[in-house]
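J.: What follows is a predicted protein model with its sequence.
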Amino acid sequence: MISEKRNLNWIGTIGLLLLLAACAAPIDSAALTAPSATRAASVTSALPATSQPTATIAPTKAIPTQTTSATVLPACTSPAALTLAQTEGPYYKAKSPERTALLEPGMGGTKLIVTGYVLTKDCQPIANAWLDFWQADDHGVYDNAGYRLRGHLFTDETGRFTLATILPGEYPGRTEHIHVKVQAPNGPILTTQLYFPGVAANDRDSIFDPALLADVQDTATGKVATFNFVVQP
Ligand code: FE
């Protein structure tokens, strides 16, 4: 009876020591209480940036895109009219370089940002739409030997595009204008031209159409022309 009581005391003592040892060990209370997803994130964030698995980075790329498209959608009333098509003219060259800036060192003229959205008639932004621009320089001269002031780009996930260039000059019979081709992925190609308000030569140009006037704002570094294209998807 006595030895049985001693055994029970030893077992009790060992149990108490184990409990004390467990209490003395540091405990990550956040790791214990956090949901499994948070725990995984805290473990991942402790790793060096270079060793983070691709699978962890991928979802974070999609989140800002959704937020951005929800906050910067352009003004548009459905059904929107398709953007007017105009003649290509004699100076188009295929296979222009992909770039968002046509500016080059030493290039004269007024700096111009051309920006806007490519939309469907339902006012839905079209991501990855192709826009191919070509224009004259500030003296009204096209580069037909190379690709100066020629370039194409694609709309981002929100359907937006931005091109840095210069204001084109006038040439005989033509007011200031920028040629552009626009195409939604797998859609038909729209060929048209953009114009600028307040240019006297607009009234003397038989091709000019006020439906293709960009909204132009002056900034400290030049001008910003905004135009939204509405195309068949
Ligand atoms: Fe032209």
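T.: It's in. Numbering: from 1, shown residues only.

J.: name the element His179 belongs to?
T.: strand 177-183 (DSSP states H and E).

J.: For that strand, C-alpha coordinates in PDB please.
T.: Extracted as PDB, the C-alpha positions of strand 177-183 are listed here (Å, rounded to 0.1, in the frame of the first residue of the first chain):
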ATOM      1  CA  HIS A 177      -3.300  64.500 -86.300                       C
ATOM      2  CA  ILE A 178      -2.000  61.100 -85.000                       C
ATOM      3  CA  HIS A 179      -2.800  57.900 -86.900                       C
ATOM      4  CA  VAL A 180      -3.700  54.800 -84.900                       C
ATOM      5  CA  LYS A 181      -4.900  51.300 -85.400                       C
ATOM      6  CA  VAL A 182      -6.700  49.600 -82.500                       C
ATOM      7  CA  GLN A 183      -7.600  46.000 -82.100                       C
END
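
J.: how about it: buried residues?
T.: Within strand 177-183, the residues that count as buried by 16 or more other Cβ atoms under 10 Å are 177-183. From N, CA and C alone the C-beta is placed, and that goes for glycine too.

J.: Then stretch 104-119?
T.: 109, 112-114, 116-119.

J.: Show me these that map onto strands.
T.: 112-114, 116-119 (DSSP state E).

J.: remind me which residues of this structure are low pLDDT?
T.: Along the chain, segments meeting pLDDT under 70 span 1-73.

J.: All the helices of it, residue numbers only.
T.: Assignment of helices within the chain using DSSP state H yields the ranges 2-24, 29-33, 36-46, 54-71.

J.: With respect to Thr219, which of the buried residues of stretch 104-119 is nearest?
T.: For the buried residues of stretch 104-119, the residue nearest Thr219 by Cβ to Cβ is Ile113; the value is 7.9 Å.

J.: If I follow the layout properly, that closest one ends up in contact with Gly222?
T.: Yes - counting by Cβ atoms under 8 Å, Ile113 does reach Gly222; the two are 7.0 Å apart.

J.: Which residue, neighbours along the chain excluded, lies closest to Tyr92?
T.: Using Cβ to Cβ, 6 or more residues apart in numbering and skipping residues adjacent in sequence, the residue nearest Tyr92 is Trp134, 6.1 Å away.

J.: wait, doesn't the one you found sit right on Ala94?
T.: No - counting by Cβ under 8 Å, Trp134 sits too far from Ala94 to count as a contact (10.3 Å).

J.: out of those two, which sits in the busier spot?
T.: For Trp134 versus Ala94, the count of surrounding residues by other Cβ atoms under 10 Å is larger for Trp134: 24 against 8.

J.: Which residues does that one form beta bridges with?
T.: Beta-bridge partners of Trp134, counted by DSSP bridges, are Arg150, His179.

J.: List the contacts of it.
T.: Applying Cβ atoms under 8 Å, 6 or more residues apart in numbering, we find Trp134 in contact with 91-93, 96, 142, 149-150, 178-180.

J.: residues contacting Arg99?
T.: By Cβ under 8 Å, 6+ apart, the contact set of Arg99 is 151-153.

J.: What is the nearest of the contacts of Trp134 to Leu194?
T.: Ile178 (4.7 Å).

J.: Next one: that closest one from Leu102, what distance?
T.: Separation of Ile178 from Leu102 (Cβ to Cβ, to the nearest Å): 10 Å.

J.: Which neighbours do these two have in common?
T.: Between them, Ile178 and Leu102 share these contacting residues under Cβ under 8 Å, 6+ apart: 133, 135, 165.
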